[in-house]
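Asks: Just to be clear, the model below is a prediction. Sequence and coordinates:
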Amino acid sequence: MADKVKLLLVDDEDTIRTLVKHELQAHGYDVDEAENGPTALEKLSASPFDLVVLDIRMPDMDGLEVLRNIRENNLVPKVVMLTGVDELKIARDSLQFGANDFMTKPFEFKHLLTCINRVLSE
Ligand SMILES: [Mg+2]
């Protein structure tokens, strides 16, 4: 049997991490989580992941800085950003900095799942 796809979910909001992690696990993914950028980078450096779901707005180190670090150090192949509706420009900028796609909060889980599966298959 093939190994499970490994995802890292990075968001400073507990409720989002808990809900999305639960749903992704229910769909067969191996999911770890991080509540801030430094923890995310630590986990990505320690073991291989297939994809990161990365919140843009977080205290201290924001998602774009985490993304820059990920790309500079080749930490993970695929990145999906999570963003607020008022941050669309930042979200589009993130594509130039190497994000594969982004989702606007609030989102329906099925749309995130579709997005993740498409990015993984690219
Ligand atoms: Mg946030």
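Replies: Sure, I can see it.
Asks: Only C-alpha atoms from now on, for both contacts and neighbour counts.
Replies: Noted.
Asks: so Asn100 sits right up against Lys78, yeah?
Replies: Yes: Asn100 lies in contact with Lys78 (CA atoms under 8 Å); the separation is 6.3 Å.
Asks: Can you pull the residues that touch both of the two?
Replies: The contact sets of Asn100 and Lys78 overlap at Val119 (CA atoms under 8 Å, 6 or more residues apart in numbering).
Asks: Phe107: how many residues sit nearby?
Replies: 12 (other CA atoms under 10 Å).
Asks: Confirm it sits in a helix?
Replies: No: Phe107 is assigned coil when assessed by DSSP: H, G, I helix; E, B strand; the rest coil, not a helix.
Asks: Tell me the pLDDT of it.
Replies: At Phe107, the model reports a pLDDT of 93.
Asks: Relative to the ion, how far out is it?
Replies: Phe107 sits 14 Å away from the ion, going by CA to the ion, to the nearest Å.
Asks: Point out where the chain drops to low pLDDT.
Replies: Across the chain, residues meeting the criterion (pLDDT under 70) sit at 1-2.
Asks: I'd like the next helix or strand past the longest strand that it contains.
Replies: The longest strand of the chain (DSSP state E) is strand 78-84. Once the chain leaves strand 78-84, the next helix or strand it forms, by DSSP states H and E, is helix 88-96.
Asks: Need the CA coordinates for that following helix. CSV is fine.
Replies: The C-alpha trace of helix 88-96 is given here as CSV (Å, rounded to 0.1, in the frame of the first residue of the first chain):
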residue,chain,number,x,y,z
LEU,A,88,-6.5,39.1,-2.4
LYS,A,89,-3.6,41.1,-3.6
ILE,A,90,-1.3,39.4,-1.1
ALA,A,91,-2.7,36.1,-2.1
ARG,A,92,-1.9,36.7,-5.8
ASP,A,93,1.5,37.9,-4.9
SER,A,94,2.1,34.7,-3.0
LEU,A,95,1.7,32.8,-6.3
GLN,A,96,4.7,34.8,-7.6
